[in-house]
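Chemist: quick one, what's the 3D model for this:
(one chain, ligands or ions: 1)
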Amino acid sequence: METATYRIIGTIRSPFTDGDTTPIQSIFSEAEGTIEVAPGYADGLEGLDGFSHIYLLYHFHRVNGFSLRQRPFADGSRERGIFAIRHCNRPNPIGISLVEVIAVEGSTVRVRGIDVLDGTPLLDIKPYVRQFDHRDEVRSGWVDARRIAEVKVRSFSPKDLREYEESA
Ligand SMILES: C[S@@+](CC[C@H](N)C(=O)[O-])C[C@H]1O[C@@H](n2cnc3c(N)ncnc32)[C@H](O)[C@@H]1O
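Modeler: Okay, the predicted model is just below:
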């Protein structure tokens, strides 16, 4: 099987040390965090201060294994295909968060809307570009059938999930 290797370009600092109490998506998080870009990559931040929002791509370093069917945190009622949900237990444990830029200061970027654990290894930063990324007409699959209050909170905890998987 083909593999690819990536450079870890930095570390995401966040207030969260427990996956169970970490927000499930950045849009529901007011938490601030700091992106510490590793020595050697800071020059790549040039121009980033002109953007209000950035995508963070990162390695979910505290997951163990994956499953092609998972119950999404936002709807524990049934399992769905891993590529139709945003769960962290993926074949490639890569996460993506759209966060607001507070300030770019040397080799660090302060952001708001963090939904990852402290110490998460950073793989990439990309600017959010309205002209590239915004779409007017969208369908959001199973999420459209949920009310916003339901998708904001976990319908079960990772601990519940572990117990569920162990009993399956
Ligand atoms: C549902 S995922 C969504 C993250 C991201 N916005 C995405 O769509 O890829 C967010 C959850 O992943 C878990 N998580 C966050 N950082 C993690 C890490 N470094 N390793 C393992 N799990 C992590 C936490 O339980 C958090 O609530």
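
Chemist: got the residues of this structure near the ligand?
Modeler: 19, 22-26, 60-63, 73, 86-88, 95-97, 115-117, 120, 158 (Cβ under 6 Å from any ligand atom). No exception for glycine: its C-beta is placed from N, CA and C like everyone else's.

Chemist: buried subset of those, written for PyMOL?
Modeler: Here is the PyMOL command that selects the buried residues among the residues of the chain next to the ligand (16 or more other Cβ atoms under 10 Å):
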select buried, resi 22+23+24+26+60+73+86+87+88+95+97+115+116+117+120+158
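
Chemist: give me the subset of the residues of the chain next to the ligand lying in strands.
Modeler: Mapping the residues of the chain next to the ligand onto strands (DSSP state E) picks out G95, I96, S97, T120.

Chemist: the last one contacts F60, correct?
Modeler: Yes: the pair formed by T120 and F60 meets the contact definition of Cβ atoms under 8 Å, at 7.3 Å.

Chemist: list residues touching both of these two?
Modeler: G95 (Cβ atoms under 8 Å, 6 or more residues apart in numbering).

Chemist: where exactly do the strands run in the protein?
Modeler: Under DSSP E, the chain gives strands at 10-13, 32-37, 53-59, 69-70, 80-81, 94-105, 108-112, 120-127.
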